[in-house]
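K.L.:
only geometry, no sequence info:
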């Protein structure tokens, strides 16, 4: 399932965007929605990868059996999304480059799997090193 | 400032939507963005009122001096937004009908003002009583 999220992140990078991708799956592995960070592409600060995937999945009545897969540990905004809608499981490609809310979610009962996939880590670490200003803007970090 | 958020909520209600409105202001009172819940109108579960107002404000580099005004206490998704982007202040019209994340935000240093405005409370309480299924869908509550 990480491949789908990774493909989204790579597409975002190719567009000049922030390379974070995500996908929401049903328990049986059916893809419900996929998306990528759209800050640069759409000038939209509200579309992080996870929110974009959630949005693409449309209106669902029950998220408890769904799985959110993301190339990077979700920030508090996206972690709040997972928790509010009771998304049952979270798969994180990279929790090395950025430590978002995955530990908070695990503490609150979300089944969290951290893969620390070298492709995700390398892609994100390179991006943060090359464009720190853009990355800081995306997570609300100010000097 | 609550009037702007309330006008958004009322417009949402008139459209058949969930009546929650929000607006993001600069410290001097300048309106940066306003919006309302768009689940019904756009079939978009990711556009809560606060995220819609945040989105309408466009890309901002520093939110520390901004004020998020909302007719209803923000859910954890929207509270995560406030916290991740370090929005400095939150004004809540109604924390009676729904207790979202405003206490969590206050605990983490956000300047929270709860108005418990009768117009906000009455509007939201009526809506929840009339359309409990739609409201529960919006906050991820399942039976």
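P.N.:
Everything's here; your move. Fair warning: this is a prediction, and the values are worked out from it, not measured in the lab.
K.L.:
Which residues of chain A lie near chain B?
P.N.:
Proximity of chain A to chain B, by C-beta under 8 Å from any C-beta of the partner chain, involves residues A:39, A:43-47, A:51-52, A:54-55, A:57-64, A:75-81, A:83-86, A:101, A:137, A:139-140, A:142. For glycine as for every other residue, the C-beta is placed from the backbone atoms N, C-alpha and C.
K.L.:
Quick check: chain neighbours aside, which residue is closest to whatever residue of chain A ends up closest to chain B?
P.N.:
Residue of chain A nearest chain B, by C-beta to the nearest C-beta: residue A:80 (2.4 Å). Distances taken as C-beta to C-beta, 6 or more residues apart in numbering or on different chains put residue B:80 closest to residue A:80, at 2.4 Å, once the chain neighbours are dropped.
K.L.:
Next up, the contacts around the one you found.
P.N.:
Neighbouring residues of residue B:80 by C-beta atoms under 8 Å, 6 or more residues apart in numbering or on different chains: A:75-81, A:83, A:101, B:101.
K.L.:
in what helix or strand does it lie?
P.N.:
helix B:76-84 (DSSP states H and E).
K.L.:
after that helix comes which helix or strand?
P.N.:
By DSSP H and E, the next helix or strand past helix B:76-84 is strand B:89-92.
K.L.:
Partner strands of that next one, with direction?
P.N.:
If you go by DSSP bridges, strand B:89-92 pairs up with strand B:67-70 (parallel), strand B:111-114 (parallel).
K.L.:
Quick check, pLDDT for residue A:135.
P.N.:
Looking at residue A:135, its pLDDT reads 97.
K.L.:
How far off centre is stretch A:46-57?
P.N.:
Centre-to-centre, stretch A:46-57 and its host chain are 8 Å apart (C-alpha atoms, centre = their mean, to the nearest Å).
K.L.:
Kindly apply the preceding question to stretch A:96-113 instead.
P.N.:
12 Å.
K.L.:
Give me the buried stretch members for that stretch, please.
P.N.:
By neighbour count on 16 or more other C-beta atoms under 10 Å in any protein chain shown, the buried set for stretch A:96-113 is A:96-98, A:100-102, A:104-105, A:110, A:112.
K.L.:
What of stretch A:127-141?
P.N.:
Buried, per 16+ other C-beta under 10 Å, within stretch A:127-141: A:127-128, A:131, A:135, A:137-140.
K.L.:
roughly how far out does it sit from the chain middle?
P.N.:
Using C-alpha atoms, centre = their mean, the offset of stretch A:127-141 from its chain centre is 15 Å.
K.L.:
re the thing from before, output the strands paired with strand B:89-92 as CSV; include the columns mean pLDDT.
P.N.:
Converted to CSV, the strands paired with strand B:89-92 look like this (pLDDT from 0 to 100):
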stretch, mean pLDDT
strand B:67-70, 98
strand B:111-114, 98
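K.L.:
Pipe these into TSV and attach distance to residue B:22 per row.
P.N.:
TSV is the format used below for the strands paired with strand B:89-92 (distance: least, C-beta to C-beta, whole Å):
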stretch	distance to residue B:22
strand B:67-70	4
strand B:111-114	14
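K.L.:
Find the residue at the geometric middle of chain A.
P.N.:
With distances taken as C-alpha atoms, centre = their mean, residue A:70 lies nearest the centre of chain A, 3.7 Å away.
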